[in-house]
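Colleague: Next comes the sequence, and after it the predicted model I'd like to discuss.
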Amino acid sequence: MKNSMIKVGDFFFRYRNRLFPVIIVAVYFIAPPPQQIFGSSVLHDLKDIIAVVIACSGLVLRGLVVGYAYIKRGGVDKKVYAENLVTQGMFTLCRNPLYVGNMLIYTGVFLAHGAPLVVLLGIGCFAFLYQSIIFAEERYLREKFGAGYDAYCADTPRWGLKLSRFKKSTEGMSFNFRKVIIKDYPTMIVTVIMLALTKVYELLYPGIAEDQLEDLYILIGVIISAALLALLVRTLKKTGVLTDKAI
């Protein structure tokens, strides 16, 4: 089973940027987003708040990872690769804090949709895919770093977060907010757009009422603003105005 998951992990590690959005869209259209939860609009609104909080917690975690001790997860030639075994920063708390952050974001996005089948299938699917990718990375890291990696695994959880280590793990380190923006702005923008599009989908599916038009315009404004912000950051990066030099 594990060997099969490693093969799945190798494949999705290489093509995840193309396939993950396709999977999200496919899962989203399995069922329409509900207008109420157990017949209650209050529970529906509470669900949306919880979804946003979970997604934002994922972005915060990713920001802490990138701002303190970042490792490039893109690999080399779309294959798993690492020059060094990074164990400082958030990697002291967890072996895969970026992926934990991603799963929190996906959980928030699918919960924002709200249809039980979409929530369960979406979260379950990405949990399986990330576990497969982690297995593939662990095989590579174990082969390259040997006993050092085994010791790291024995002391640091794969998915859990040892929050009691946070203060000690960041002692003597400075947080680089610019690096967070430069490295992780696509994730931030895409998360905002996905949450907004989910609400647009919810508004449009049954046929939008006249008193919901204002909400629709606001959501469209959020999506356009997020896209323009992404374009601005990308332009500033390309022109060298925005660099990851510590403030």
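Modeller: Yep, that arrived.

Colleague: Quick check: chain neighbours aside, which residue is closest to residue 166?
Modeller: Using Cβ to Cβ, 6 or more residues apart in numbering and skipping residues adjacent in sequence, the residue nearest residue 166 is residue 93, 6.3 Å away. For the C-beta atoms, the positions are set from N, CA and C on the backbone; glycine is no exception.

Colleague: hang on, the one you found packs against residue 159?
Modeller: No - look at residue 93 against residue 159 with Cβ atoms under 8 Å: they stay out of range, at 11.1 Å.

Colleague: give me the number of residues near residue 45?
Modeller: 12 (other Cβ atoms under 10 Å).

Colleague: With residue 6 instead?
Modeller: 19.

Colleague: if I've got this straight, it is in a helix?
Modeller: Yes - residue state for residue 6 (DSSP: H, G, I helix; E, B strand; the rest coil) corresponds to a helix.

Colleague: can you pull the pLDDT of it?
Modeller: Listed pLDDT for residue 6 reads 94.

Colleague: Please list all residues in contact with it.
Modeller: Shown in contact with residue 6 (Cβ atoms under 8 Å, 6 or more residues apart in numbering): 132, 135, 136, 139.

Colleague: Put together TSV for those residues, with neighbour count on each row.
Modeller: Shown next, in TSV, are the contacts of residue 6 (neighbours: other Cβ atoms under 10 Å):
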residue	neighbour count
132	21
135	20
136	22
139	16
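
Colleague: Can you flag which of those residues belong to helices?
Modeller: Counting by DSSP state H, those place 132, 135, 136, 139 in helices.

Colleague: got TSV for these, with pLDDT too?
Modeller: TSV is the format used below for these (pLDDT from 0 to 100):
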residue	pLDDT
132	97
135	96
136	95
139	94
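
Colleague: and the closest residue in space to residue 153 that isn't next to it in sequence, which of the three is it?
Modeller: Of all residues not flanking residue 153 in the chain, residue 95 sits nearest, at 6.8 Å (Cβ to Cβ, 6+ apart). Of the three states, residue 95 takes coil under three-state DSSP.

Colleague: ok, residue 241 - how many residues close by?
Modeller: The burial count for residue 241: 8, using other Cβ under 10 Å.

Colleague: That one belongs to a strand?
Modeller: No - Residue 241: not assigned to a strand; according to three-state DSSP it is coil.

Colleague: coming back round to it: export the contacts of residue 6 to JSON lines and tack on distance to residue 55?
Modeller: What follows is those, written out as JSON lines (distance: Cβ to Cβ, whole Å):
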{"residue": "132", "distance to residue 55": "23"}
{"residue": "135", "distance to residue 55": "26"}
{"residue": "136", "distance to residue 55": "26"}
{"residue": "139", "distance to residue 55": "30"}
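
Colleague: re the thing from before, more neighbours, residue 93 and residue 159?
Modeller: residue 93 (23 against 15).

Colleague: What about the chain, which residue is the most distant from its middle?
Modeller: Relative to the centre of the chain, the most outlying C-alpha is that of residue 210, 34.5 Å out, by Cα atoms, centre = their mean.

Colleague: May I have the predicted confidence score for it?
Modeller: 84.
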